[in-house]
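> Pasting a predicted model and its sequence here:
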Amino acid sequence: MLGGRWQTWRVETRQLESTPGFVIFDLPGAQHYVGEARLGSRLIPGNATMLVRHLTYVFATLEQQRSGASIGLKSDPSDADGAVEALATELADDFSSGRLSTSPGLRLDAELLAPVLAHDQRNLIGNDDRDGISFNHELVGVGAAAAAAGLLGGLDGKRIAIEGFGPAGLGIAREAAAQGAAITRIATAKGCANGQLDPVALAEAWLADGEMCVATLSGDGEPAKPWTVWKDDVDVLFCGSKPGAMSGDGASMAGSTPVVAFSPAAVSSKALAVLRAAGTPVAADFVAAAGPALGWWADPVLTHDDLRSATADTVNAVMSETAGHDDGPFMAACYRAESFLQTWQDELPFGRPLG
């Protein structure tokens, strides 16, 4: 804790009245609340807490008085249209004022969420297509590659593995390869592909086959088991399939291989403990994936190249400040974010962004 013992703030959960569901707000008194909207009859607020906390720490890293949020619509997908319409009406003032902004999440694409997205006042440059992925995913790639370079002293000649390969993973592969790295392994829920994996081939396979791209990339052979992505024969491991993607077992397999998380709470608390005990550096998800948030309220005159540079510069600066900390870069990034939170919050949020 910073500045002695703090009380801790637990997230505010507000139940919707017009449709089954809820909204989570992380910090009191924020200028804006931002987070995904998700749909599912079995959604529970507790499972979204770390998604919310991730964004709160992103904003604190960027020294913005904003907070993470999350919307959960507890409806069957067949009732999605009605649930979204009810949400748009009930929270019309929050959406139209810009106090609450949301994005497509689980089972909600941009078309379904259109009644809400129509009010979004953020700079939408992040939605631009960039060779098959969004500019937001590209910015995650820029930030994650910068975080890895900060741990390794550069990526030229380094071998990388990407767990949770998808649009953001493709962004990472492109950025890392452009800096001289070799992509030697990727994994999805369907398996793990090994070899010298060219970003062009990765893009073609992902865009054609989605998570089954690992089978395509494995040629005549079967893809390996997904967990083999954690093998310690690379120079850096990127992880980002889901909260807690890297478990204690995965961390034990990784050994001393540096880890870069690029999606919310991708490293579990157990994994972080194992990696810290081994002296293995871990770059925080809320640092590596900060790029999209830099664009949300950016001046409209800023270009893709401007925001790419801003992302790299921001991540480089944070990594330079935290990489050599005795408690490791992940905890140092937490301390840094919490130091900013202390300037405008009376209480720290309960729990750090760990799976």
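Ah, there it is.
> quick one: the helices in the protein?
49-61, 80-90, 92-97, 114-117, 135-152, 167-178, 199-209, 213-217, 248-254, 269-277, 285-288, 291-296, 304-322, 328-341 (DSSP state H).
> Buried deepest among these, which one?
Of all the helices of the chain, helix 285-288 has the most neighbours on average by mean count of other CB atoms under 10 Å, namely a mean of 32. Every C-beta, even on glycine, is put in place using the N, C-alpha and C of the backbone.
> what helices or strands is that one leaning on?
Secondary-structure packing of helix 285-288 (3 or more CB pairs under 8 Å, 6 or more residues apart in numbering; DSSP states H and E): helix 49-61, helix 135-152, strand 259-261, helix 304-322, helix 328-341.
> if we can go back for a sec, columns mean pLDDT and distance to T228 on top of the helices of the chain, output as TSV?
Converted to TSV, those look like this (pLDDT from 0 to 100; distance: least, CB to CB, whole Å):
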stretch	mean pLDDT	distance to T228
helix 49-61	97	26
helix 80-90	97	37
helix 92-97	96	44
helix 114-117	97	39
helix 135-152	98	20
helix 167-178	98	16
helix 199-209	96	18
helix 213-217	95	11
helix 248-254	97	9
helix 269-277	98	17
helix 285-288	98	22
helix 291-296	97	29
helix 304-322	98	28
helix 328-341	98	24
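> Minimum distance to F22: which of those has it?
helix 80-90 (10.7 Å; CB to CB).
> so how far is S241 from the spatially most central residue of the chain?
Central residue of the chain (CA atoms, centre = their mean): S263, 2.6 Å from the mean position. Distance, S263 to S241, using CB to CB, to the nearest Å: 7 Å.
> what's the answer for S309, then?
Relative to S241, and taking CB to CB, S309 is found at 29 Å.
> try T322
Distance from T322 to S241, by CB to CB: 24 Å.
> same deal with E111?
Distance from E111 to S241, by CB to CB: 25 Å.
> Among the two, which residue is more densely surrounded?
S241 (21 against 8; other CB atoms under 10 Å).
> you'd agree the more buried one is up against C192?
No: using CB atoms under 8 Å, S241 makes no contact with C192, being 11.7 Å away.
> and the residue of the chain positioned farthest from its centre, what is it in contact with?
Most distant from the centre of the chain: D220, at 33.3 Å, with distances by CA atoms, centre = their mean. By CB atoms under 8 Å, 6 or more residues apart in numbering, D220 lies in contact with nothing.
> A205 versus that one, what's the distance?
15 Å.
> same deal with V267?
On the measure of CB to CB, V267 and A205 end up 27 Å apart.
> likewise A317?
For A317, the distance to A205 (CB to CB) stands at 35 Å.
> next one: I71
For I71, the distance to A205 - CB to CB - is 33 Å.
> Kindly report the same for Q64.
37 Å.
> What of L51?
28 Å.
> likewise P329?
Taking CB to CB, one finds P329 at 32 Å from A205.
> what sits against the residue nearest to the centre of the chain?
G164, A168, C239, G240, S241, K242, P243, A245, D285, A289.
> Compute the number of surrounding residues for K225.
Residues near K225, counting by other CB under 10 Å: 10.
> scratch that, I44
Neighbours around I44, by other CB under 10 Å: 12.
> repeat for the one 3 residues further on
Taking other CB under 10 Å as the criterion, the count of residues near N47 is 14.
> contacting residues around it?
Not one residue lies near N47 by CB under 8 Å, 6+ apart.
> Could you do the one 10 residues further on as well?
The neighbourhood of Y57, defined by CB under 8 Å, 6+ apart, consists of A284, F286, A333, C334, A337, R352, P353.
> For the residue farthest from the centre of the chain, report the pLDDT, please.
Each residue has a pLDDT score; the one for D220 is 80.
> hmm, back to that, list the residues that contact both of S263 and S241?
Joint contacts of S263 and S241 (CB under 8 Å, 6+ apart) are G164.
> and A37, how many neighbours?
A37 has 25 nearby residues by other CB under 10 Å.
> meant to ask about D233
11.
> Enumerate every residue touching it.
R159.
> now T216
T216 neighbours (CB under 8 Å, 6+ apart): A205, A208, D209.
> Could you do Y33 as well?
Counting by CB under 8 Å, 6+ apart, the residues that Y33 touches are F25, D26, R66, S67, G68, A69, R99, L100, S101.
> what about the closest residue to the last one other than its chain neighbours, distance to V234?
Once its chain neighbours are removed from consideration, S101 has its nearest residue in V34; the separation is 4.9 Å (CB to CB, 6 or more residues apart in numbering). For V34, the distance to V234 under the criterion CB to CB works out to 34 Å.
> Who does A193 form a beta bridge with?
When bridges are called by DSSP bridges, A193 pairs up with I186.
> Give me the buried positions along stretch 111-127.
L112, L113, P115, V116, L117, H119, D120, R122, N123, I125, G126 (16 or more other CB atoms under 10 Å).
> And these, which is closest to A92?
The closest of the buried residues of stretch 111-127, once distances to A92 are taken by CB to CB, is H119, at 7.8 Å.
> ok, now which ones touch the closest one?
With CB under 8 Å, 6+ apart, H119 has these contacts: A88, A92, F95, S96, G98.
> Just to check, the last one is in contact with R66?
Read it as G98. No: here G98 does not reach R66: they are 11.0 Å apart, not a contact under CB under 8 Å.
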